[in-house]
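Peer 1: Everything below, folded, please.
(chains A, B, C and D)
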There are 2 protein chains.
Amino acid sequence: MGLRERKKAETRQAVHEAALRLTVELGFDAVTVEAVADAANISRRTFSNYFAGKEDAVLYGEEQRIQDLVEGIRRRPAGERAWPALCRASAELYAAQGKEADREWAMRTRLARRHPALLARQLANQALLETEIAVEVAAREGLADHTLRPRVMAAAFLAALRVAIAVWLDERESRPLGEVLQASLAEMGEDFTGS
Amino acid sequence: MGLRERKKAETRQAVHEAALRLTVELGFDAVTVEAVADAANISRRTFSNYFAGKEDAVLYGEEQRIQDLVEGIRRRPAGERAWPALCRASAELYAAQGKEADREWAMRTRLARRHPALLARQLANQALLETEIAVEVAAREGLADHTLRPRVMAAAFLAALRVAIAVWLDERESRPLGEVLQASLAEMGEDFTGS
DNA sequence: AGGCAACTTTACCCATTGCGCAAATTTGTG
DNA sequence: CACAAATTTGCGCAATGGGTAAAGTTGCCT
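Peer 2: Numbering: from 1, shown residues only, chains lettered A, B, ... in the order given. Predicted coordinates for the structure are as follows:
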């Protein structure tokens, strides 16, 4: 990776951190793009080169984390079936990152819950990844991408993730995120038809 | 319902229809709030009294339909268990509305797929209803609202809905929506752990 | 019927935003 | 070192969301 791309990634990260910090400090609506740009030492116009809006800047960390998750899924052993692969990849992701990352995640998700514009972007980002996950599931189950089943499973998986984080926050983070996550995935894996 | 509220609902509907029509004709980005307001015979400022933005105006029909769905769920017999209640309520909803409603739905969803801003709002709206559905599920299963299980089931249900519509569109509406929907719900109901 | 209180619509205004454009600056390479 | 490619920046503009207060409607009471 050349200096060019490294510097760009660095700037993007700096802008993200500035946006997140200012939003936590002042509230999302009280933060202007100009303020974020100033805090990151770039011009207002350059901010637009990196992010389409404040929301994307604040949620950039989320995007990265879920991207990691997708890669984790791809890295699972080739023979493993789809659902276990999804469950273990998410467990690994959680194990790989310390508690400070959890707190940042909590912070972002809390913000997203309180502010509709953030929630909207967050969900839209997840929707894009749903397709990628469905492709991976299809490959593992030997089905065509456009089939119903892989897409249902991918959607179920992401939904379980979202619910787990929501419940974890509602319980004031009293148990480890990984535990809630596995419980959520277990519930989702079970048969619903009998209830 | 007094004249006041009736007239307000009428105006809201008119604005929605104008927004949807113009968006289909010209494309979402080519439509300004002013144009929609003109088409609905209200001022630009009044538009803001009804909707927070173009997106909400275009997607208002979606909101209504899902609201109907929630009410349908509440109307299911009290003894019925949660998952069957969800499945049958959605089947009823599609049975109740003709094919012209399906086409409108297809139109809106197609727009939402192509335009990120619309997709984002659509998902955010669904997220709000997820909570309401979870409450209903909890009541039917005799569990507390904040528990994991009702929320997982509610999320799974809505995810199955979304996937069904997406697949239905991908298949160019070659089979009836109700059929795809039931298939999607069936897949979601099944046990994932074995695959 | 008339009038009064509550509510809605409207016009005017301003801060903020996203983006096109072109000039200035920085970076990679022969 | 010079030059092409990429990046940053300033400027401008149309669009937007929302505050405020005036003008217009509607519901209700006497």
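Peer 1: can I get the CA coordinates of the helix or strand bottoming out on mean pLDDT in chain A in CSV?
Peer 2: Among the helices and strands of chain A, helix A:99-114 carries the lowest confidence by mean pLDDT, DSSP states H and E, at a mean of 89. Extracted in CSV, the C-alpha atoms of helix A:99-114 (Å, rounded to 0.1, in the frame of the first residue of the first chain):
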residue,chain,number,x,y,z
LYS,A,99,-13.6,-4.6,25.6
GLU,A,100,-12.6,-1.1,24.6
ALA,A,101,-13.9,-1.9,21.1
ASP,A,102,-17.1,-3.1,22.7
ARG,A,103,-17.5,0.2,24.4
GLU,A,104,-17.1,2.1,21.2
TRP,A,105,-19.6,-0.2,19.6
ALA,A,106,-22.0,0.5,22.4
MET,A,107,-21.5,4.2,22.0
ARG,A,108,-22.3,4.2,18.3
THR,A,109,-25.3,1.9,18.7
ARG,A,110,-26.7,4.1,21.5
LEU,A,111,-26.4,7.1,19.2
ALA,A,112,-28.0,5.2,16.4
ARG,A,113,-31.0,4.2,18.6
ARG,A,114,-31.6,7.8,19.6
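Peer 1: buried residues in that helix?
Peer 2: Buried residues in helix A:99-114, defined by neighbour count with 16 or more other Cβ atoms under 10 Å in any protein chain shown: A:102, A:104-109, A:111-113. Heads up, the C-betas are built off the backbone N, CA and C, glycines and all.
Peer 1: now those residues in JSON lines, with distance to residue B:6?
Peer 2: As requested, the buried residues of helix A:99-114 are arranged in JSON lines below (distance: Cβ to Cβ, whole Å):
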{"residue": "A:102", "distance to residue B:6": "51"}
{"residue": "A:104", "distance to residue B:6": "49"}
{"residue": "A:105", "distance to residue B:6": "47"}
{"residue": "A:106", "distance to residue B:6": "45"}
{"residue": "A:107", "distance to residue B:6": "45"}
{"residue": "A:108", "distance to residue B:6": "43"}
{"residue": "A:109", "distance to residue B:6": "41"}
{"residue": "A:111", "distance to residue B:6": "39"}
{"residue": "A:112", "distance to residue B:6": "37"}
{"residue": "A:113", "distance to residue B:6": "35"}
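Peer 1: Test my guess that residue A:44 contacts residue A:34.
Peer 2: Yes: applying Cβ atoms under 8 Å, one finds residue A:44 in contact with residue A:34, separated by 5.2 Å.
Peer 1: For the least confident helix or strand of chain A, which helices and strands make contact with it?
Peer 2: When contacts are defined as 3 or more Cβ pairs under 8 Å, 6 or more residues apart in numbering or on different chains; DSSP states H and E, helix A:99-114 sits against helix A:3-26, helix A:54-75, helix A:116-141, helix A:148-170.
Peer 1: Poorly predicted segments of chain A, please.
Peer 2: Judged by pLDDT under 70, chain A has no weakly predicted residues.
Peer 1: and residue A:45, how many neighbours does it have?
Peer 2: Residue crowding around residue A:45 was assessed by other Cβ atoms under 10 Å in any protein chain shown; the count is 9.
Peer 1: All set, thanks.
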